[in-house]
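*Asks:* A structural model of the following input is requested.
(one chain, ligands or ions: 2)
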Amino acid sequence: MMLMQNDQVTVRTENLGKAYPLPDNQWLRVFEGLNFELRAGELVAVMGVSGVGKTTFLNIIGGLDRPTEGRVFLQGQDLWEKSPEEIALLRNRFIGFVFQFYHLLPEFSALENVAIPLLIAGRSREEALDRAARALEEVGMSSREGARPAQLSGGEQQRVAVARALVTGPGLLLADEPTGNLDWKTGERILQLIIDLHRKKGLSSVLVTHNEKIARFCHKAYVLEAGRMKLFEGLAG
Ligand SMILES: Nc1ncnc2c1ncn2[C@@H]1O[C@H](COP(=O)(O)OP(=O)(O)OP(=O)(O)O)[C@@H](O)[C@H]1O
Ligand SMILES: [Mg+2]
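*Replies:* Ligands and ions are numbered 1, 2, ... in the order given. The predicted structure is shown next:
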């Protein structure tokens with residue numbers, strides 16, 4: 001599948017490493033020396049078995065979890081050099097996250113859930129709700145604006161979550177197994193939606209998935225394995 005891309009790098013990691021502290025002064029080394037590059041307009045898959053560190057990696061490049069070694073550059077800027085406030089601002093403006101289990105707030109409607117990032121960004125309630133309504137329209141959920149998450153199917157909740165991720169107009173989309181909790185057919189529709197929006201909005205996107213079939217929709221796929229990021233050669237054909 002041909003997607004538009006250019007040569008500008010959006011995300012680059014340099015010798016990235018993460019270790020979590022364990023009891024008794026031990027460390028769990030998840031990965032080290034990761035050099036990864038996402039060019040502007042690319043849609044890249046990251047695969048790998050459970051526990052290998054895919055979520056950890058995504059959280060680190062998305063400003064949610066601090067690396068123990070190495071650096072992350074977003075548009076050439078050293079992410080983890082910044083203050084927590086600057087990182088929070090960058091996340092709000094530049095990054096959209098989609099999670100496996102949607103992470104919608106149960107007490108709010110679909111429309112309110114999508115409006116929240118705009119309210120955090122300091123937009124008026126009126127503008128936030130207006131833009132949220134348009135974002136819901138883009139994911140085909142206009143008719144369910146008033147529904148709470150519990151009243152929606154998994155696929156519908158993920159559509160709302162995609163709208164929430166993109167409502168602030170971010171350049172970078174990070175999706176952590178966005179179809180992992182859905183049946184194949186529903187998952188494929190969500191994937192198609194993400195690919196369509198990726199193109200239409202000129203996003204740069206990283207898609208974590210267990211699924212080789214899903215990785216085939218991407219420009220490139222990497223496998224995180226034994227603490228290393230390897231190019232997955234199985235995409236051709
Ligand atoms: N906050 C934490 N403290 C300690 N260990 C952690 C923490 N978060 C993750 N880990 C460990 O780091 C490793 C990588 O976890 P991670 O969630 O990144 O894997 P994953 O590849 O996303 O797995 P899955 O495919 O099951 O989602 C695992 O061994 C996990 O137990
Ligand atoms: Mg994970």
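*Asks:* Can you name the residues bridging to Tyr20?
*Replies:* Leu28 (DSSP bridges).
*Asks:* wait, what's in contact with it?
*Replies:* Taking C-beta atoms under 8 Å, 6 or more residues apart in numbering, we find Tyr20 in contact with 27-28, 30. From N, CA and C alone the C-beta is placed, and that goes for glycine too.
*Asks:* Which of the helices or strands spans the spatially most central residue of the chain?
*Replies:* The centre of the chain sits closest to Leu174, judged by C-alpha atoms, centre = their mean, with a distance of 1.5 Å. Using DSSP states H and E, Leu174 falls within strand 172-176.
*Asks:* Could you list the paired strands of that strand along with their orientation?
*Replies:* strand 95-98 (parallel), strand 204-208 (parallel).
*Asks:* Quick one: closest of the ones you listed to ligand 2.
*Replies:* Comparison of the strands paired with strand 172-176 against ligand 2 by C-beta to the ion identifies strand 204-208 as nearest, at 6.5 Å.
*Asks:* ok, the helix or strand of the chain with the lowest mean pLDDT near ligand 1 or not?
*Replies:* Lowest by mean pLDDT, DSSP states H and E among the helices and strands of the chain is helix 212-215, with a mean of 85. No - Helix 212-215 stays out of contact with ligand 1 when judged by C-beta under 6 Å from any ligand atom, the minimum separation being 13.4 Å.
*Asks:* so who does the residue lying closest to Leu166 once chain neighbours are set aside touch?
*Replies:* In space, Leu166 comes closest to Gly96 once its chain neighbours are excluded; the distance is 5.2 Å by C-beta to C-beta, 6 or more residues apart in numbering. Residues near Gly96 by C-beta under 8 Å, 6+ apart: 164-166, 168, 170, 172-174, 203.
*Asks:* What residues of the least confident helix or strand of the chain count as buried?
*Replies:* Neighbour counts using 16 or more other C-beta atoms under 10 Å place 214-215 of helix 212-215 among the buried residues.
*Asks:* Which elements pack onto that helix?
*Replies:* strand 43-47 (3 or more C-beta pairs under 8 Å, 6 or more residues apart in numbering; DSSP states H and E).
*Asks:* Which other helices and strands does the strand it packs on contact?
*Replies:* helix 54-61, strand 204-208, helix 212-215, strand 220-225.
*Asks:* lowest-confidence stretch among these?
*Replies:* Here those differ in mean pLDDT, and the lowest is helix 212-215 at a mean of 85.
*Asks:* What parts of the chain come near ligand 1?
*Replies:* Contact residues (C-beta under 6 Å from any ligand atom) of the chain with ligand 1: 20, 28, 30, 48, 50-56.
*Asks:* now for those, which pair is the farthest apart?
*Replies:* Put simply, by C-beta to C-beta the two of the residues of the chain next to ligand 1 set farthest apart are Tyr20 and Gly48, 17.1 Å from each other.
*Asks:* Point out where the protein drops to low pLDDT.
*Replies:* 1-7, 235-237 (pLDDT under 70).
*Asks:* all strands of it, in order?
*Replies:* For the chain, the strands defined by DSSP state E occupy 9-22, 26-34, 37-39, 43-47, 69-74, 77-78, 95-98, 172-176, 204-208, 220-225, 228-231.
*Asks:* Columns distance to ligand 2 on top of the ones you listed, output as a markdown table?
*Replies:* A markdown table is the format used below for the strands of the chain (distance: least, C-beta to the ion, whole Å):
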| stretch | distance to ligand 2 |
| --- | --- |
| strand 9-22 | 13 |
| strand 26-34 | 11 |
| strand 37-39 | 18 |
| strand 43-47 | 10 |
| strand 69-74 | 18 |
| strand 77-78 | 25 |
| strand 95-98 | 13 |
| strand 172-176 | 6 |
| strand 204-208 | 7 |
| strand 220-225 | 10 |
| strand 228-231 | 15 |
